[in-house]
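Undergrad: Okay, here's the prediction I keep looking at, along with the sequence it came from:
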Amino acid sequence: MQKGILVLVCIFGLTNFVSGWSGHSSGVGEYQQPLSQISIQKTVLALHASASIQASPVLLGLQGEDVQWVTVTLEHPEPSNDDWVGVFSPAKFNSSLCPADEANWKIGKPYICTAPIKFKYANRSNSNYAQTGNASLRFRLINQRADFSFALFSGGVSNPKLVAISNFISFANPKAPLYPRLALGKAWDEMTVTWTSGYNIDEAVPFVEWGLKGETQVRSPAGTLTYDRTSMCGEPATTVGWRDPGFFHTSFLKELWPNSEYTYRLGHRLFNGSYVWSTKTYSFKSSPYPGQDSLQRVIVFGDMGKAERDGSNEYSVEPGSLNTTDQLVKDLKNYDIVFHIGDMSYADGYLSEWDQFTEQVGPIASKVPYMVASGNHERDWPDSGSFFEPPDSGGECGVVAETMFYVPADNRAKFWYSADYGMFKFCVADSEHDWRAGSEQYKWIEKCLASADRRKQPWLIFIAHRVLGYSSNYWYGREGSFDEPMGRDDMQKLWQKYKVDIAFFGHVHNYERICPIYQNQCVKDGNSHYSGVVNGTIHVVVGGGGRSLSDYSILTPYWSVYKDRDFGFVKLTAYNHSSLLFEYKKSRDGEVYDSFTIYREYKDVLACVRDSCEATTLAT
């Protein structure tokens, strides 16, 4: 009997270990894409002659707007609190548009084969709706390259019955160039601009018109990419979550003067000789020369997601994303570059959400380089080559993120890259691919860290989505590892050898700062100021960008300096080659809740510490 109990305990422990090691896809188990709550493929036709739904205005963006509010009025003679309204785009959504291959559909070819892009319950604005059958809802729509319609459903989201369909509405120029996203190029004096439009290269030639502010503008061509349904790895991206993505254009603005302000606008030259322009002219400041001694400010966070400003998608699990976004927009003049370290939109195979995410971060990404990393919700899918195999990406398997966002990687599908920004050297790893000693990525990480000239770039930063270092999150604590299994076994050798200052991680949805540490031992005293020889790396979990928050372990490891279960982000300020300020700010108010400074001289980086220098002998 005791042997049986022991076996059971071992099996249970092993199960916990394997499930945790395979991805921690949700952390606490309650995270689910809001649109996945809708069983749209089960819809039955129940059109009611006396029910109606009407949307106005019919034509949007007459003044060039890419966002507009729409009023939807509805009447239903048999109302219920389960009634809801879905927004569909394209406006026509019946079975005639479904893929011919019915093998993808578990219940045969459905009447509706595409999820709405957002939804609201009919009683959202009228608590008496179930008695009156009348309601008026307000939706915020963005230009997504297609027309829109609204549908009234009864039966709740589990057994939807289509009661009424609205008129069609659209933007005046649905193909307009929108949502520019800046990113550093492979050279320090290069900036890239990526944007979305409805124009393929057989319709128009994409370009950016740009130049120093107030001076002559030049034009640089752009390349064009897209993806199709066959590029996706599984459902819902291949089924109800699929939506035509439009086209993504990237232009490379080269030979920039350091620390200079440039203006730019997006353009498409149509083959009839006319031009289509972005309605806005944007601006950015070019990067400092590597090693340049000037004020340089960096924002770091992960796991943000998107949320609807009109209150749509009642099941949303990114409650803090708008707080983080709005706080960063408010503070735009006080930082120079952003690193969003994985789990960006949480679209999870519902591809319309990516447009909404790029619109949400647009005020930031159009102004400063918006550097991204690959997370489990961008990449992971069974048998797709990812290191972890839960279905967290919803069938996207990295294709959407690597196409919509430029990163200066040798191979964007592998998503690891280095970035030089003044006195900073960033090595951004891809935790969804193998990082262990001997792997292709491990060799690249060592090459990146070794390439830092610490006299010119004293601040060496390592970034990855999953925690390859230290976190007292509860599921790591349950496993007894306090990191991804095998996480720091090999990585800590490189962090120590090359004297990495700070290692940032997301994935865990909270904030935690770890002491300067090596092999589980704190190597420096103090919490607010560090100076002298670099003999350990400070680890920081900054995954509180907006997704539902994670709990800590009941254990508090001695190396945990500061914990905060709230939404927030980190700001690094390099004043010069010797002084770095670290600040953790809450998204709700932008105030500093944790901070420390690093002060040191170049000789402090050169000094040999444990496992950081080549082995020596007594030979002379």
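TA: Nice, thanks for sending it over.
Undergrad: For burial, what's the neighbour tally of the nearest residue to V44 once chain neighbours are set aside?
TA: Counting by Cβ to Cβ, 6 or more residues apart in numbering, V44 lies nearest to K161, which is 5.4 Å off, once chain neighbours are set aside. Every residue, glycine included, has its C-beta placed from N, CA and C. K161: 18 surrounding residues under other Cβ atoms under 10 Å.
Undergrad: do the same with N334
TA: N334: 12 neighbours (other Cβ under 10 Å).
Undergrad: now do C397
TA: C397 has 27 nearby residues by other Cβ under 10 Å.
Undergrad: what residues are up against S595?
TA: Residues in contact with S595 (Cβ atoms under 8 Å, 6 or more residues apart in numbering) are 528, 581-584.
Undergrad: contacting residues around D348?
TA: Contacts of D348 by Cβ under 8 Å, 6+ apart are 33, 36, 236, 241, 377, 392-394, 396.
Undergrad: Tell me the one among these nearest to P174.
TA: Nearest to P174, judged by Cβ to Cβ, of the contacts of D348 is G241 at 20.8 Å.
Undergrad: residue contacts, the closest one?
TA: G241 neighbours (Cβ under 8 Å, 6+ apart): 35, 115, 235, 347-351, 394-395.
Undergrad: swap the cut-off to 6 Å and go again
TA: Contacts for G241 (Cβ atoms under 6 Å, 6 or more residues apart in numbering) come out as 349-351.
Undergrad: cool, P369 as well?
TA: 182-184, 337.
Undergrad: For the stretch 151-300 of the chain, just list every one of the strands.
TA: Counting by DSSP state E, counting those that start in this stretch, the stretch 151-300 of the chain has these strands, from start to end: 161-165, 170-171, 178-184, 191-197, 204-212, 218-225, 247-253, 261-270, 275-277, 282-285, 296-301.
Undergrad: can you redo these as a markdown table with distance to N323?
TA: Listed next are the strands of the stretch 151-300 of the chain as a markdown table, based on distance: least, Cβ to Cβ, whole Å:
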| stretch | distance to N323 |
| --- | --- |
| strand 161-165 | 36 |
| strand 170-171 | 28 |
| strand 178-184 | 21 |
| strand 191-197 | 25 |
| strand 204-212 | 32 |
| strand 218-225 | 32 |
| strand 247-253 | 28 |
| strand 261-270 | 29 |
| strand 275-277 | 33 |
| strand 282-285 | 24 |
| strand 296-301 | 12 |
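Undergrad: Indicate which one of these is closest to Y129.
TA: Per Cβ to Cβ, nearest to Y129 of the strands of the stretch 151-300 of the chain: strand 161-165, 13.3 Å.
Undergrad: Excluding sequence neighbours, find me the nearest residue to E389.
TA: Using Cβ to Cβ, 6+ apart, the nearest residue to E389 is P382, at 4.6 Å.
Undergrad: gap between that neighbour and C233?
TA: Using Cβ to Cβ, to the nearest Å, one gets 8 Å for the distance from P382 to C233.
Undergrad: Tell me which of the two has more neighbours.
TA: For the pair P382 and C233, the greater number of neighbours falls to C233 (22 against 13), based on other Cβ under 10 Å.
Undergrad: Touching, the more buried one and G394? I think so.
TA: No. C233 lies out of contact with G394 (Cβ atoms under 6 Å); the separation is 9.3 Å.
Undergrad: would CSV of the contacts of D348 with distance to V542 be doable?
TA: Shown next, in CSV, are these (distance: Cβ to Cβ, whole Å):
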residue, distance to V542
Q33, 23
S36, 27
P236, 29
G241, 29
H377, 16
D392, 20
S393, 22
G394, 24
E396, 24
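Undergrad: so which of these is the most crowded?
TA: Neighbour max across the contacts of D348 (other Cβ under 10 Å) = E396, 33 neighbours.
Undergrad: Could you look up the SS state of that residue?
TA: coil (DSSP: H, G, I helix; E, B strand; the rest coil).
Undergrad: Quick check: chain neighbours aside, which residue is closest to D66?
TA: Nearest to D66 is N143, by Cβ to Cβ, 6+ apart, at 4.4 Å.
Undergrad: What number of residues are in the vicinity of that neighbour?
TA: Neighbour tally, N143, other Cβ under 10 Å: 25.
Undergrad: wait, what's in contact with it?
TA: 66, 171, 178.
Undergrad: Need the pLDDT of it.
TA: We have a pLDDT of 98 for N143.
Undergrad: For the remainder of this discussion, apply numbering that starts at 41.
TA: Understood, numbering begins at 41; the last thing we discussed is N183.
Undergrad: now it: how far from N363?
TA: 25 Å.
Undergrad: next one: E436
TA: 26 Å.
Undergrad: got the phi/psi numbers for D530?
TA: phi -100, psi -30 (degrees, to the nearest 10).
Undergrad: same thing with the one 3 residues further on?
TA: Its backbone dihedrals place K533 at phi -60, psi -40, with angles given as degrees, to the nearest 10.
Undergrad: excluding its backbone neighbours, what's nearest it?
TA: Nearest non-adjacent residue to K533 (Cβ to Cβ, 6+ apart): D651, at 6.8 Å.
Undergrad: Next, count neighbours for the one you found.
TA: 13.
Undergrad: Tabulate the strands of the stretch 191-340 of the chain in a markdown table, adding columns for distance to S92 and mean pLDDT.
TA: Below are the strands of the stretch 191-340 of the chain laid out as a markdown table (distance: least, Cβ to Cβ, whole Å; pLDDT from 0 to 100):
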| stretch | distance to S92 | mean pLDDT |
| --- | --- | --- |
| strand 201-205 | 6 | 97 |
| strand 210-211 | 20 | 98 |
| strand 218-224 | 32 | 98 |
| strand 231-237 | 34 | 98 |
| strand 244-252 | 39 | 98 |
| strand 258-265 | 42 | 98 |
| strand 287-293 | 37 | 98 |
| strand 301-310 | 39 | 98 |
| strand 315-317 | 36 | 97 |
| strand 322-325 | 42 | 98 |
| strand 336-341 | 45 | 98 |
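Undergrad: burial measure for the nearest residue to G238 once chain neighbours are set aside, as a count.
TA: Of all residues not flanking G238 in the chain, K215 sits nearest, at 3.0 Å (Cβ to Cβ, 6+ apart). Neighbour count for K215, taken as other Cβ under 10 Å: 19.
Undergrad: follow-up on the earlier one: which one (most neighbours) among the contacts of G281?
TA: G389 leads these on contacts (other Cβ under 10 Å) with 30 neighbours.
Undergrad: which residues does that one contact?
TA: 276-277, 281, 434-436.
Undergrad: swap the cut-off to 8 Å and go again
TA: By Cβ under 8 Å, 6+ apart, the neighbours of G389 are 73, 272, 274-277, 281, 433-436.
Undergrad: Relative to K483, which of the residues you listed is nearest.
TA: Checking these against K483 by Cβ to Cβ gives S433 as the nearest, at 25.8 Å.
Undergrad: Name the helix or strand for the closest one, please.
TA: S433 belongs to no helix or strand when assigned by DSSP states H and E.
Undergrad: Quick check, it in contact with D420.
TA: Yes. S433 lies in contact with D420 (Cβ atoms under 8 Å); the separation is 5.4 Å.
Undergrad: circling back to that earlier point, just send the contacts of N183 back as TSV, with neighbour count and distance to E301 too.
TA: TSV is the format used below for the contacts of N183 (neighbours: other Cβ atoms under 10 Å; distance: Cβ to Cβ, whole Å):
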residue	neighbour count	distance to E301
D106	21	24
F211	24	31
L218	25	23
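Undergrad: Can you list the low-confidence ranges for this protein?
TA: Low-confidence segments of the chain (pLDDT under 70): 41-71, 141-149, 355, 656-660.
Undergrad: All good on my end, thank you.
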